[in-house]
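sequence? don't have it. structure:
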Ligand code: TRP
Ligand code: ZN
């Protein structure tokens, strides 16, 4: 293999040719599958360059221009065609074996069905093409396959013809998509499914047929997905005034899928995890996940498909914006505070970590080796935060005017992030020149705040200093919407506003403040920055009680817990005994007893910061002391509040809503952690459970408390769900979550389990991915055995599925906060990977960057 080459944003060049129409003819025949692609090619501008198409892992059979054989060259992945014609019809015939494709990119088989995944650069595994998002073509597709095995033949757009072939055992269909689209939005599915149908009437009165295709026997699990789709369509009309544009919308759920779902025009392909649900097998979180992913893919129809990306460096144009839209959808339909808390957790625990590690990049990356490596929490989630900041600065009304302007200017085009900001700027009249730096600057800015109160002048003053170091360089000052509230000592709100921070250092003065207030800072995470302000315990307790924002109350509780942990880490370092401030316990007790707080919010507060979250708060960590200190603080709180937790638990079991279940189950885990006296509560809940949230809640409590009932409950669960892969995934994750010295042996054993397969990304993620990402203490065991095991797994996945391998390597390349010994062990693992003769581009890019930092 030739050395992997980086591509740079600064080298972008408009295409030399375009393809306005393509006719694809698929003859699906296992190892003898053939694709004929007939394209209408046009030269753009005056030049004599050759037409260069790309193709990968397919066998070229023939190339015709206007029906005649033509000369061509093949160099690596390129097909080079010299011609003087300015406009011609190009026919390319290729063969491939979808059954042998384990990468789940291009055309592959999932459980007996053919399906495709083309984003980002998978279309080149289907035919030689101008596989770049700024080439928009109208597709018509013919698919032919065996009738019995593949009764449904699907592609984008409208079905225009179907019938039998000369061979009576085979049939064919033709699909036509009226909207020009980039190749990454192409999709094809052929298989046997159960079909759930419904409809949606758009606000202008058009009837849209909705179809959800699921594996045979799962029809009863498709209802929530189709209802979520109807809600998404209605919400996009009411909040964004955006209507669906085709007469049919199809969703196909497949078992083998690298990500959550894919927004192919009119034919979304979904991971079964984000479609299938019934109360017996899916948790409340699963239901929420389905609603949000169905929404996300639907919202792409406008933000991504109607207006798409000029090049892949602009990925956040569609992803950041669409994540923002799906977050707003979830927040309008459910609890805004809880949704915000979950988004903040992703930012602080995952995105900050990414930005502090070797893969740090701006939301609009400047250099890429493997595009699949840039579907990141930075592009998606920080990208959504950047959109959210614009929304905060402009306000809903101006933001919606900006969206209108964006669609008016760019419908049907492939555009850049700058085009989006320009539209927001034109529509609102608000200057976003400085704001644009968020697109080009990597790293997490720190906002340091100090305050002063002057009793004589009744002035309160906040001084805000921002700084960012990104990849060794100091960044320029950013435009930061900094939301604050000031509370008086009684808990009344005396100011609540968004400060426009633009300079490296800025002071804000508040007049007529009667006494020293308590500040709530960076309310609701109004910007993706690290806040540096020395809160004391009394201030934090005050904020947990009185902050107007529920998110701020949660933030304050996180602050209280985290401070308590770090103080005890210091005590351990000084060889002093550990201790927990009574005010922390009383604050938590108050929250447990408070009937007035949303139960879902209490559940979030009681889900204290994980080890991984705590590590993100510091520059370097002594993991063993952190483990001991965190354990101590959780146990102290739980023991002190045991009676209250048990009392609340007993009353909550009478309720039947998701928030009550969340609160109840976190109570049960905390109770089980510190006392074995209540084991009967766990077994009773498990036995009485009428839904997966409660069964799993009981199991988690048993695992978390290492209760004696644990083995038998785990075994019962396994027997019950052996043939339901998505539920077995939960069981695999529970197994992998155990903080026991033999957990790695357990995991290795489970890779031989009849339900496990290295070929299925959901299985790999739930067992091994969960272990490396969430079982922090065991993965980072000082012996290095966790690192060795992950490396063995990555070597296997490097060949089977490089995308999944590259996604799972994350904890191994984020080594900078650990002690020298662990760092050396992690680097040794990276060197072992680097030495592989067939290292994929995906892993190469990450390993190489990590070792550069080492
Ligand atoms: N565009 C998809 C989304 O955000 C995600 C996606 C990108 C994807 N690459 C993929 C999905 C590869 C599956 C496989 O919704
Ligand atoms: Zn997306």
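Perfect, thanks for sending it. Computed from a prediction, not measured in an experiment: that's the story for all the values here. Residues are numbered from 1 along each chain as shown. Ligands and ions are numbered 1, 2, ... in the order given.

Excluding chain neighbours, what is closest to residue 708?
Once flanking residues are discounted, residue 708 sits nearest to residue 679: 6.9 Å by C-beta to C-beta, 6 or more residues apart in numbering. The C-beta positions use only the backbone N, C-alpha and C, and glycine is treated the same way.

in its sheet, what does the worst-scoring helix or strand of the chain on mean pLDDT sit against?
The weakest-scoring helix or strand in the chain, judged by mean pLDDT, DSSP states H and E, is strand 469-470 (a mean of 85). Using DSSP bridges, strand 469-470 pairs in its sheet with strand 473-474 (antiparallel).

And for the partner strand, what's in contact with it?
Residues outside strand 473-474 that contact it (C-beta atoms under 8 Å, 6 or more residues apart in numbering) are 467, 468.

Any buried residues in stretch 471-479, and which?
Neighbour-count burial for stretch 471-479 flags 475, 477, 478, 479 (criterion: 16 or more other C-beta atoms under 10 Å).

Could you give the average pLDDT over it?
Average pLDDT, stretch 471-479: 91.

gap between that stretch and the chain center?
Distance of stretch 471-479 from the chain centroid (C-alpha atoms, centre = their mean, to the nearest Å) equals 26 Å.

Ok, stretch 601-619 next?
That offset, for stretch 601-619, works out to 19 Å (C-alpha atoms, centre = their mean).

For this structure, what lies in contact range of ligand 2?
319, 322 (C-beta under 5 Å from the ion).

How about residue 531: which residues does it bridge to?
Beta-bridge partners, per DSSP bridges, of residue 531: residue 447.

Number of residues surrounding it?
When neighbours are counted by other C-beta atoms under 10 Å, residue 531 registers 16.

for residue 216, helix, strand, or coil?
coil (DSSP: H, G, I helix; E, B strand; the rest coil).

For it, what are phi and psi?
Note on residue 216: its backbone torsions stand at phi -50, psi 140 [degrees, to the nearest 10].

can you give me the helices for the stretch 701-850 of the chain?
Per DSSP state H, counting those that start in this stretch, the stretch 701-850 of the chain carries helices over the ranges 710-721, 725-736, 743-750, 761-764, 770-774, 776-779, 785-800, 802-808, 810-813, 820-834, 841-853.

Kindly indicate which of the buried residues of stretch 471-479 lies nearest ligand 1.
Nearest to ligand 1 out of the buried residues of stretch 471-479 is residue 478 (C-beta to the nearest ligand atom; 26.0 Å).

Could you measure from the residue sitting nearest the centre point of the chain over to residue 309?
The residue lying closest to the centre of the chain (C-alpha atoms, centre = their mean) is residue 377, at 6.3 Å. From residue 377 across to residue 309, the span is 19 Å (C-beta to C-beta, to the nearest Å).

mind showing which ranges of the stretch 1-150 of the chain have poor pLDDT?
For the stretch 1-150 of the chain, the stretches with pLDDT under 70 are 1-3.

The chain now?
Applying pLDDT under 70 to the chain flags the ranges 1-3.

How about it: which residue is closest to ligand 1?
Closest point on the chain to ligand 1, by C-beta to the nearest ligand atom, is residue 259, at 3.3 Å.

Am I right that that residue is in contact with residue 273?
No. Using C-beta atoms under 8 Å as the test, residue 259 is too far from residue 273 to be in contact (10.3 Å).

which of those two has more neighbours?
Set residue 259 next to residue 273 and count neighbours by other C-beta under 10 Å: residue 273 wins out with 24 against 19.

can you pull the contacts of the more buried one?
For residue 273, the contacting residues are 260, 286, 289, 726, 729, 762, by C-beta under 8 Å, 6+ apart.

will you turn those into JSON lines that also has distance to residue 688?
JSON lines is the format used below for the contacts of residue 273 (distance: C-beta to C-beta, whole Å):
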{"residue": "260", "distance to residue 688": "33"}
{"residue": "286", "distance to residue 688": "20"}
{"residue": "289", "distance to residue 688": "25"}
{"residue": "726", "distance to residue 688": "23"}
{"residue": "729", "distance to residue 688": "24"}
{"residue": "762", "distance to residue 688": "29"}
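
For PyMOL, write a command that selects the buried ones of those.
Those of those that count as buried under 16+ other C-beta under 10 Å are selected in PyMOL with:
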select buried, resi 286+289+726+729+762
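
nearest to residue 234, of the contacts of residue 273?
Each of these was checked against residue 234 using C-beta to C-beta; the closest is residue 289, at 19.8 Å.

quick one: that closest one from residue 342, how far?
Relative to residue 342, and taking C-beta to C-beta, residue 289 is found at 10 Å.

and what of residue 659?
14 Å.

in the stretch 201-350 of the chain, which spans are strands?
Shown for the stretch 201-350 of the chain, the strands assigned by DSSP state E, counting those that start in this stretch span residues 207-214, 248-254, 261-262, 267-271, 308-309.

would you list the ones you listed in CSV and tack on mean neighbour count and distance to residue 111?
Listed next are the strands of the stretch 201-350 of the chain as CSV, based on neighbours: other C-beta atoms under 10 Å; distance: least, C-beta to C-beta, whole Å:
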stretch, mean neighbour count, distance to residue 111
strand 207-214, 20, 11
strand 248-254, 24, 7
strand 261-262, 24, 17
strand 267-271, 25, 13
strand 308-309, 24, 30
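
got the ones you listed as a markdown table, with distance to ligand 1 columns?
Output for the strands of the stretch 201-350 of the chain, formatted as a markdown table (distance: least, C-beta to the nearest ligand atom, whole Å):
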| stretch | distance to ligand 1 |
| --- | --- |
| strand 207-214 | 17 |
| strand 248-254 | 10 |
| strand 261-262 | 4 |
| strand 267-271 | 8 |
| strand 308-309 | 11 |
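
who wins for proximity to residue 811 among the ones you listed?
strand 267-271 (22.2 Å).

which residues sit in contact with the residue nearest to the centre of the chain?
Contact analysis of residue 377 by C-beta under 8 Å, 6+ apart lists 346, 347, 350, 351, 354.

what does residue 465 give?
Contacts of residue 465 (C-beta under 8 Å, 6+ apart): 447, 448, 449, 504, 505.

Just give the nearest non-adjacent residue to the third one, would you?
In other words, residue 449. Leaving aside its sequence neighbours, residue 449 sits nearest to residue 533 (C-beta to C-beta, 6+ apart; 4.3 Å).
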